[in-house]
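1. I'll drop the sequence and a predicted model, then ask my questions.
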Amino acid sequence: VFVENVSQLNGLKFDFIVVGGGTAGNVIANRLTENPSVSVLVLEAGGSNADVLNIIVPFFNVKATPNTAQDWNFTTTPQVGLGNRAIAYPRGFVLGGSSSVNSMAYTRGSKDDYDRWAKVAGDSGWSWDNVIPYIRRNERFTPPPAANTTQTYDPAAHSLTGINSVRLPTFGRATDALVLNAAASLGQLNKDMNSGTPLGFGWIQQTVKNGSRSSSATSYLAPQFIGRPNLHVMLNTRVTRILKNGSGALQTVEFAQKAGGARFQITASKEVILSAGSIGTPSILLHSGIGDATELSQLGIPLVHNLPSVGKNLTDHPIVRVSWFVNSNTTFDDAERNATVAAEVFAQWNTTRTGLLSDSTSSQIGWLRLPESSPILRGVTDPSSGPLSPHIELIFADGISVSPPPTGHYLTISAAVVSPTSRGSLALNSTDPFAQPVINPNLLGSPVDVAIQRAAIRSAQNFIKAPAWAGYILAPFSLNDTASDEEVDAFSQTHASTLDHPVGTAAMSARGADYGVVDPDLIVKGLRGLRIVDASVFPFIPAAHTQAATYIVAERGADLIKASFGI
Ligand SMILES: Cc1cc2nc3c(=O)[nH]c(=O)nc-3n(C[C@H](O)[C@H](O)[C@H](O)COP(=O)(O)OP(=O)(O)OC[C@H]3O[C@@H](n4cnc5c(N)ncnc54)[C@H](O)[C@@H]3O)c2cc1C
């Protein structure tokens with residue numbers, strides 16, 4: 001049930017209040033209200049996801065952010081590793097959160113990623129084997145038609161019965177065979193990168209249903225769920241602080257509906273769940289006086305609970321896009337720069353939900369591991385989570401996204417560091433909860449990350465030398481294949497951006513550890529009544545796009561809450 005205004009809350013009582021109707025928040029709302037006697041209120045800062053074409057049409061994801069009404073429109077601090085550039089830092093400001101604006105890649109990461117979580121959290125419940133039931137609750141996989149013999153996947157790794165739809169791309173591209181043949185010739189084809197062993201090249205899986213985006217808003221809040229009388233969702237409502245209730249538990253939520261507007265309070269009878277994401281969650285904690293005592297006192301925020309790790313450990317994936325001119329006139333560049341072609345592909349999507357616009361801009365990904373003998377790893381602890389995990393990701397696009405030059409056709413390979421060693425931070429410089437926090441992801445902030453970024457670009461340059469590409473690649477567009485290491489590093493510094501995967505700002509650690517923000521059951525250390533369920537609790541970033549891991553944390557988080565209250 002959507003609550004239109006604050007007065008409608010009068011007389012309503014809630015067992016749980018979920019702060020943020022994003023990727024994780026909507027999972028919690030859905031799972032807790034399976035029990036009709038449990039009442040939940042979701043407070044979401046952004047507006048509705050309905051009828052927003054840039055959200056619904058998969059290919060338009062590149063237009064959903066940055067600098068739109070559905071984006072928080074954050075900017076980072078000047079990034080030392082990026083030549084002091086400050087860059088846009090997109091986050092979904094809309095029901096569904098970042099799952100409503102992301103690029104829809106569905107990648108779980110490796111078995112090692114979850115086993116490392118279990119180890120640092122001291123809780124085997126976070127291990128790969130033990131999160132598989134939660135993967136299955138989340139995923140509703142649509143296999144490709146049997147006649148499609150080129151697309152591979154491992155049926156044993158997928159669930160047909162979950163809530164959030166996942167499928168392979170449906171629009172064939174000229175580059176599909178080129179990527180796969182090149183990978184095959186190198187002996188690096190992976191049948192299904194979501195089986196726990198992602199290394200190699202293969203088909204991307206996407207959160208798409210019948211040619212439209214599947215987000216936590218369209219899936220976990222689908223009509224049969226949002227219609228539950230025990231589930232209330234209020235949009236355009238910014239949570240400003242969490243306060244103690246009469247018994248000292250952090251169960252009272254303060255919110256406002258516009259900057260400088262009236263503040264309201266509402267109390268959950270059982271628990272408050274923070275699901276405001278890796279930027280929103282630590283911001284709310286700090287505004288509530290939960291964080292580093294010295295930093296809070298410098299801001300003049302009264303200390304409620306000294307927890308120095310709040311906002312620290314911000315981890316993200318840097319990415320550099322490299323493009324080449326290609327011998328083709330079927331790339332998607334024309335659909336982005338030629339109004340006639342754009343109208344044609346839109347008409348096809350609009351009538352049949354098929355064609356170019358029914359998928360995201362990529363169809364294949366490669367996950368690569370540095371050789372054990374790599375000089376980059378000499379003398380440093382391997383930053384990956386283990387031998388099954390990549391250090392590098394390559395994402396293939398059959399064109400240049402967003403604004404291609406007026407002529408020419410292109411191939412773009414986005415080369416990312418998926419085992420970053422740099423850690424950044426999230427802090428406040430104002431007591432106004434409507435002011436932007438200070439976001440420093442510290443991208444390419446360590447020599448190891450710069451070296452892995454260089455290796456990632458080199459892998460892309462080497463990959464297109466495989467015989468399968470002969471005659472297709474014409475010439476480098478943005479970076480010469482003959483560039484020296486220094487030139488590659490300079491290119492990274494001027495072109496690197498974010499893969500939009502911030503995590504870890506309210507990280508989980510073992511019970512009793514002298515760092516960390518939440519215990520393995522996701523309850524805030526040393527407090528009662530307050531739990532965190534979103535990507536901010538990841539203790540390490542998985543070598544993957546982060547939505548699948550967020551859904552996994554949320555599905556298990558819901559189970560942990562149910563167990564705590566016997567519901
Ligand atoms: C542009 C972009 C592309 C991406 N591409 C991919 C991809 O292809 N594949 C992939 O796996 N991952 C991708 N990601 C990352 C992935 O989407 C996120 O890791 C994941 O969605 C995070 O989920 P979350 O629940 O932690 O936060 P979110 O989904 O961001 O949810 C947080 C919610 O809380 C709300 N909120 C915040 N503060 C407040 C407040 N004070 N009061 C009330 N509400 C508040 C927000 O508006 C939002 O709705 C992408 C992200 C972005 C932004």
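-> That came in fine, so what should we check first?
2. Excluding chain neighbours, what is closest to residue 444?
-> Ranked by C-beta to C-beta, 6 or more residues apart in numbering and with sequence neighbours excluded, the top spatial neighbour of residue 444 is residue 81, at 3.1 Å. Placement of C-beta: from N, CA and C, glycine included.
3. need the contact list for the one you found.
-> Shown in contact with residue 81 (C-beta atoms under 8 Å, 6 or more residues apart in numbering): 318, 422, 442-446, 449-450, 493, 496.
4. Give me the subset of the residues you listed lying in helices.
-> Mapping the contacts of residue 81 onto helices (DSSP state H) picks out 449-450, 493.
5. in the chain, what residue is nearest the ligand?
-> residue 22 (1.8 Å; C-beta to the nearest ligand atom).
6. shouldn't that residue be in contact with residue 273?
-> No: assessed by C-beta atoms under 8 Å, residue 22 is found out of contact with residue 273, at 11.7 Å.
7. Of the two, give the one with the bigger neighbour count.
-> A count of neighbours by other C-beta atoms under 10 Å puts residue 22 above the other of residue 22 and residue 273, at 34 against 29.
8. and the more buried one, what pLDDT?
-> Note on residue 22: pLDDT of 98.
9. list the contacts for the residue of the chain closest to the ligand?
-> Contacts of residue 22 (C-beta under 8 Å, 6+ apart): 44, 92, 96-99, 216, 275-277, 534.
10. cool, residue 366 as well?
-> 179, 183, 188, 200-202, 393-394, 396, 459, 463 are the contacts of residue 366 under C-beta under 8 Å, 6+ apart.
11. The same query, at a cut-off of 7 Å, please.
-> By C-beta atoms under 7 Å, 6 or more residues apart in numbering, the contact set of residue 366 is 183, 200-201, 394.
12. Of all pairs in those, which one is the farthest apart?
-> 200 and 394 (10.9 Å; C-beta to C-beta).
13. if we can go back for a sec, which SS state does the residue nearest to residue 444 fall under?
-> helix (DSSP: H, G, I helix; E, B strand; the rest coil).
14. Next one: it from residue 486, what distance?
-> Residue 81 sits 15 Å away from residue 486, taking C-beta to C-beta, to the nearest Å as the criterion.
15. Next, count neighbours for the closest residue to residue 300 other than its chain neighbours.
-> Closest residue to residue 300 apart from its sequence neighbours, by C-beta to C-beta, 6+ apart: residue 431 at 6.4 Å. Per other C-beta under 10 Å, the neighbour tally for residue 431 reads 12.
16. quick one: residue 431 and residue 301 touch, right?
-> Yes: contact status for residue 431 versus residue 301: in contact at 6.0 Å, counting by C-beta atoms under 7 Å.
17. if we can go back for a sec, with respect to residue 73, which of the contacts of residue 366 is nearest?
-> Of the contacts of residue 366, the one sitting nearest to residue 73 (C-beta to C-beta) turns out to be residue 394, at 29.1 Å.
18. any idea which helix or strand comes after the longest strand anywhere in the chain?
-> In the chain, taking DSSP state E as the definition, the longest strand is strand 263-274. Next helix or strand after strand 263-274 toward the C-terminus (DSSP states H and E): helix 277-287.
19. other SSEs contacting that next one?
-> Applying 3 or more C-beta pairs under 7 Å, 6 or more residues apart in numbering; DSSP states H and E, we find helix 277-287 packed against strand 238-243, strand 424-427.
20. near the ligand, which residues of the stretch 151-300 of the chain?
-> Residues of the stretch 151-300 of the chain lying near the ligand by C-beta under 6 Å from any ligand atom: 238-239, 275-278, 280, 284.
21. Name the residues of stretch 356-372 that come out as buried.
-> For stretch 356-372, a neighbour-count test (16 or more other C-beta atoms under 10 Å) marks 356-370 as buried.
22. And stretch 493-501, by the same measure?
-> Across stretch 493-501, burial judged by 16+ other C-beta under 10 Å covers 493, 495-501.
23. Could you pull up the residues touching residue 386?
-> 112, 116.
24. Strands of the stretch 201-350 of the chain, start to end?
-> 208-209, 212-213, 231-234, 238-243, 252-256, 263-274, 290-291, 305-306, 312-314, 318-326 (DSSP state E, counting those that start in this stretch).
25. Tell me which of those sits most buried.
-> Among those, ranked by average contacts under mean count of other C-beta atoms under 10 Å, first place goes to strand 290-291 (a mean of 28).
26. what's the closest non-adjacent residue to residue 417?
-> The shortest distance from residue 417 to any residue other than its chain neighbours is 4.6 Å, reached at residue 452 (C-beta to C-beta, 6+ apart).
27. Could you look up the SS state of that neighbour?
-> With three-state DSSP as the criterion, residue 452 reads helix.
28. what's the burial count for it?
-> Using other C-beta under 10 Å: residue 452 sits among 28 other residues.
29. Could you do the one 5 residues further on as well?
-> Burial of residue 457 is recorded as 25 neighbouring residues (other C-beta under 10 Å).
30. And it, how close does it get to residue 91?
-> Using C-beta to C-beta, residue 457 is found at 27 Å from residue 91.
31. try residue 495
-> For residue 495, the distance to residue 91 - C-beta to C-beta - is 22 Å.
32. that older thread, select from the buried residues of stretch 356-372 every entry located in helices.
-> Per DSSP H, those never map to helices.
33. Sort out for me which of those are in strands.
-> Checking the buried residues of stretch 356-372 against DSSP E, those in strands are 362-368.
34. For those residues, work out which two are farthest apart.
-> It's 363 and 368 that sit farthest apart of those, by C-beta to C-beta, at 17.8 Å.
35. could you pull out the strands for the stretch 451-567 of the chain?
-> Taking DSSP E, counting those that start in this stretch as the criterion, the stretch 451-567 of the chain carries its strands at 473-476, 497-498, 530-532.
36. Show me where the stretch 101-250 of the chain has its helices.
-> Ranges of helices in the stretch 101-250 of the chain, per DSSP state H, counting those that start in this stretch, are 111-121, 128-138, 174-185, 216-219, 223-226.
37. so how far is the longest one off the chain centroid?
-> This means helix 174-185. What separates the centre of helix 174-185 from the centre of its chain is 27 Å, taken as C-alpha atoms, centre = their mean, to the nearest Å.
38. Also the second one?
-> On the basis of C-alpha atoms, centre = their mean, helix 128-138 is displaced by 18 Å from the centre of the chain it belongs to.
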